[in-house]
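>>> no FASTA, just this:
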């Protein structure tokens, strides 16, 4: 963490949830501002120069997704969404609108802290696109030379597999929806062909993961999309 | 060059025809010049041959006429039992149509296509039975004699002197897929007759004297050869058209036949049909009803309608038009339909009035651009009714005795007036008063009274005013002219006004019916219930025509009610159902069960048939009039459309209610889920937050906080299960099915259940050839989570859990197996019920919704789930998912595809 305490805006209408989220964030050294409506949240986001926004989707005045769309009009701030379990469609809509990650209620404080840390790290790295070499597990990806090595041995990836991998690396820690990946890797005409993505993700896991059936890095967010885990 | 290509419309038409043909069975006709040439024999031989080739051949009906050769052939062929029925004390055996269709052979042999069925059969003619068999997709072999062909019927009759009444429409013959001519020379046939191979010996003697004269046989043979040649010629032409060998595209010219009241009309219609067949064009037959013809007696009009029906059976399009001038109306019709030739019967005797043109001349005059063909009528014989005899006296509207009395009275008043003014006026002017009286009577009371008035006036004028007065004697001869003019004027005016009256009456009738149609349409628009439609329909149809009406509305299973509610008409539900199923009219005046006094019209709406309209006319002739039929059809169409509209109102309302209740349920569920989940989230979070407080908590306090958190998580899982079950049970869960590998969802389930499984070993073995499966990932993940959690819950720490999958038949089998204590015997099924647990009152947490949810999810995917114990004692849970056809990766570049198929690092 940098010496300046990161500023987090918490948009949530439930007082008890605000209370413990605030406690957790403050114990992690963040500076927290609270808002209980979309309107209030946008004002805070515009004035407090925040580093991260934690947003509940069900707010009394407007839909949380509208908040994200509005925010994305002028800011690339990381957004973590809090949502109920049975609302996959809402999660996807929020992610497609530009949210970075989501937490399903109920969640533990430990989970929250981990997600916040990842999001803040992503923000810190956002400035330097110069990171040309990425490592996770035993895998080393050199984006300049376009080589992938696993435990020091070269791994052959097809062009599509490579594009998929680099997309995940560029968005490490962030949840990418099926639609977004399909659009980025295959192009807009393949948005509905999600089985392509699933097959290629399977191949990538077989090439890069120790146990493809229980992946450690290339994680599935069931019904939503994929995420590359970061330490 | 472009002209040589077939016109696309024609091609499309031909393709449709061929498509229709392909669905139907094939009809093969064995065609011969007369009885005894061996048609049945040829048919049976051909049938046997097909049977030897392995086709399922049965004999529907064959008349052997006691011929030994034929009987011998029948051996070894399955003969369908005939249908016995009793009609007026006589026992009749007929071809069993329903039995034949039910038997569904590949080929059925049916003798004598032109045969007329016994009264009470479904169709009056056997060819209609055969048509139904063909429609059911069964092939038919049949036999036809040349004299039975409708269009040749009269020709054969004039050759042999014997008229055959069993006829076959030419279109049936034309549309046969194959025609085989069975031919032997007349000498050979006569020889066979003599040998008794055709008839029994005495019969044969009779036959040779009458029908089987050599001259007849030669003529019949020529006819049948020529008819077959015509057909072959047609086929050749069609073939050439299809192959586009040569430019034979003619502009299609069609024929128009004017059907008149004279008795030769039938012959004209037959000739026209032959002509049309030779020219291979379509033809129309039209009857123009002029005011004069409207006054024909019923029997005459019946004959015209019969002629029109004959034309229809011979393949013509028929119409009955109304107009002042027959020639003009006919020409207009021809022009509107683009018919270039008009066929008319030649007037038998030349008109004795020099300026009166024949009808053909009249037509030629109004349409100089069309060909008018005249055809000789049948030579008139005694039974003919000359049109002259159809005098005007038949149907004079409103001509009661009182109107004649009135006529006489008016004349009396005229005479009284005349005697008042007689001293001051000339006799010539006095005549005018009488003339006025005649005109008044003609206008008011019609022709008959007018004629009476004319005579009475002349008499009165003569008696009272013409000198010598008070006597009928006439002194001055010039008064005779006065009498003649008076009489002529009276008659002419009487005739004119009578026509006028009649037309006004016809017009007002039409107007009444149109108004009824309009009013019914208006009333039907406001209706919301089928019963109301039935009532309105019945009211208007019974009010407009002299009929009894019942309307039967089909239920959701396409069954008609046995009894129409509220109708005073007993319908035959069998015929009604037939009309409904076949979407064709049945009963009276149709081809199907015409013996019934009731006409059954299907109520055809745009989407489907809605029911049946049953109509029983008080006067049967009524339904034969095309105009009336058209109007009845219009009523039926209106009722059908109204029924359909009401049906869709119901559908829309149901849908609305369903959407509304679904929305309500969803909002209740999501409100509930929100309200339950929020405090649980707070509880979990606050318990966690407790551990973060400073100063740090003691170990005991930390344990307490952890316990609160765990219990809140359990509570949350329970709530999730309850809500899921509620959603699944309502049947409103929409599956988001996508093609995906099973591995992925198993992986995420294992990750989600990391904690409960932390003390177990999980082994996953999926065959690499396992195809993609189509399922809802979120729901199937739930199944795996629940099964894995269950396995962890009921086995000791350190046990092994295996997840396996395989393909069997059309489905994928997926199982989760443990090596724990297994299921209690007998509980394999019960555990999938709601609120069931492995052990009653055990300390294992959960309320037993997990497996019930699994079952609901798997069944929503059209799979099955079951459980049991493995031989080594552990429990297994297996579920299936349908395989389907996974999408391909068609448009991948080669390199990508190879990569996918080939390398799969272990």
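The structure has been received and is ready for your questions. All of these numbers come straight from a predicted model, not from anything done at the bench.
>>> all contacts plus neighbour counts: C-alpha atoms, from now on.
Noted.
>>> and the nearest residue to residue A:205 once chain neighbours are set aside, backbone torsions?
Closest residue to residue A:205 apart from its sequence neighbours, by C-alpha to C-alpha, 6 or more residues apart in numbering or on different chains: residue A:212 at 5.1 Å. Torsion angles at residue A:212 (phi, psi; degrees, to the nearest 10) stand at phi -60, psi -30.
>>> any idea how far residue A:212 lies from residue A:196?
As judged by C-alpha to C-alpha, to the nearest Å, residue A:212 and residue A:196 stand 17 Å apart.
>>> Where does chain B get nearest to chain A, which residue?
Using C-alpha to the nearest C-alpha, the single residue of chain B nearest to chain A is residue B:681, 4.2 Å away.
>>> tell me the contacts of the residue nearest to residue A:205?
Neighbour list for residue A:212: A:202, A:205, A:206 [criterion: C-alpha atoms under 8 Å, 6 or more residues apart in numbering or on different chains].
>>> Quick check: which element contains the last one?
Read it as residue A:206. Assessed by DSSP states H and E, residue A:206 sits inside helix A:194-208.
>>> mind listing the strands in chain A by residue range?
A:7-11, A:31-35, A:52-56, A:79-83, A:101-104, A:133-136, A:139-142, A:147-150, A:153-154, A:176-177, A:218-221, A:225-228 (DSSP state E).
>>> will you turn those into JSON lines that also has mean pLDDT?
Shown next, in JSON lines, are the strands of chain A (pLDDT from 0 to 100):
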{"stretch": "strand A:7-11", "mean pLDDT": "93"}
{"stretch": "strand A:31-35", "mean pLDDT": "92"}
{"stretch": "strand A:52-56", "mean pLDDT": "92"}
{"stretch": "strand A:79-83", "mean pLDDT": "90"}
{"stretch": "strand A:101-104", "mean pLDDT": "88"}
{"stretch": "strand A:133-136", "mean pLDDT": "84"}
{"stretch": "strand A:139-142", "mean pLDDT": "89"}
{"stretch": "strand A:147-150", "mean pLDDT": "89"}
{"stretch": "strand A:153-154", "mean pLDDT": "90"}
{"stretch": "strand A:176-177", "mean pLDDT": "92"}
{"stretch": "strand A:218-221", "mean pLDDT": "90"}
{"stretch": "strand A:225-228", "mean pLDDT": "91"}
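>>> Could you dump those strands into TSV with distance to chain B added?
Below are the strands of chain A laid out as TSV (distance: least, C-alpha to the nearest C-alpha, whole Å):
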stretch	distance to chain B
strand A:7-11	15
strand A:31-35	15
strand A:52-56	11
strand A:79-83	10
strand A:101-104	10
strand A:133-136	19
strand A:139-142	15
strand A:147-150	12
strand A:153-154	13
strand A:176-177	14
strand A:218-221	6
strand A:225-228	11
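>>> shaky segments in chain A?
Low-confidence segments of chain A (pLDDT under 70): A:1-3, A:85-87, A:126-131, A:231.
>>> Residue 75: neighbour count?
Just going to use chain A. When neighbours are defined as other C-alpha atoms under 10 Å in any protein chain shown, residue A:75 has 12 of them.
>>> wait, I meant chain B there
10.
>>> Kindly provide the distance from it to residue B:65.
In terms of C-alpha to C-alpha, residue B:75 sits 16 Å off from residue B:65.
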